[in-house]
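S.K.: Whatever this is, show me its structure:
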Amino acid sequence: VQLQASGGGLVQAGDSLRLSCAASGLPFSTYGMGWFRQAPGKEREFVATINSSNRRTDYADSVKGRFTISRDNAKNTMYLQMNNLKPEDTAVYYCAARYGFDYHFWGQGTLVTVSS
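M.R.: Just a heads-up that it's a prediction; the model follows:
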């Protein structure tokens, strides 16, 4: 199983980025997917999740209204559209795949840096 996160970069506050997570080696359409992030010196935290059928999403309070998670099962890819980025969104963003409530597979992370 491979989860390849991409799309990170250096942006200014207020800018937008779209992260992608390309999955291979698993029946993607049967797995729920999620995004997590870890800021320097902090623990990893939940950002957003989407269920396998693309019908239910959930977000951390800190990103509600600014981030949108989506997936394209035909492309085995998940996305995170991040708008109105803030310096506190600076972190390494990880994608993960879950079956049920447990995340079984993790990607390598992509760095997002938001300057003020």
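S.K.: centroid residue for this structure?
M.R.: Closest residue to the average C-alpha location of the chain: residue 35 at 3.0 Å, with CA atoms, centre = their mean.
S.K.: Pretty sure it sits against residue 97.
M.R.: No. The pair residue 35 / residue 97 is not scored as a contact, 11.2 Å apart, by CB atoms under 8 Å. Bear in mind the C-beta positions are built from the backbone N, C-alpha and C, glycine included.
S.K.: what's the helix or strand the residue nearest to the centre of the chain falls within packed up against?
M.R.: For residue 35, the host element (DSSP states H and E) is strand 32-38. Other helices and strands packing on strand 32-38, by 3 or more CB pairs under 8 Å, 6 or more residues apart in numbering; DSSP states H and E, are strand 17-24, strand 45-50, strand 67-72, strand 77-82, strand 91-99.
S.K.: quick one on the thing from earlier: burial measure for the nearest residue to the residue nearest to the centre of the chain once chain neighbours are set aside, as a count.
M.R.: Nearest in space to residue 35, with sequence neighbours left out and distances taken as CB to CB, 6 or more residues apart in numbering, is residue 47 at 4.2 Å. By the criterion of other CB atoms under 10 Å, residue 47 has 24 neighbours.
S.K.: Pull the contacting residues for residue 47.
M.R.: 34-37, 59-60, 63, 67, 80, 93 (CB atoms under 8 Å, 6 or more residues apart in numbering).
S.K.: Please indicate which of those are buried?
M.R.: By neighbour count, with 16 or more other CB atoms under 10 Å, these hold 34-37, 59, 63, 67, 80, 93 as buried.
S.K.: Of all pairs in these, which one is the farthest apart?
M.R.: 59 and 93 (13.8 Å; CB to CB).
S.K.: Could you report the neighbour count for residue 53?
M.R.: Look at residue 53: counted by other CB under 10 Å, it has 11 neighbours.
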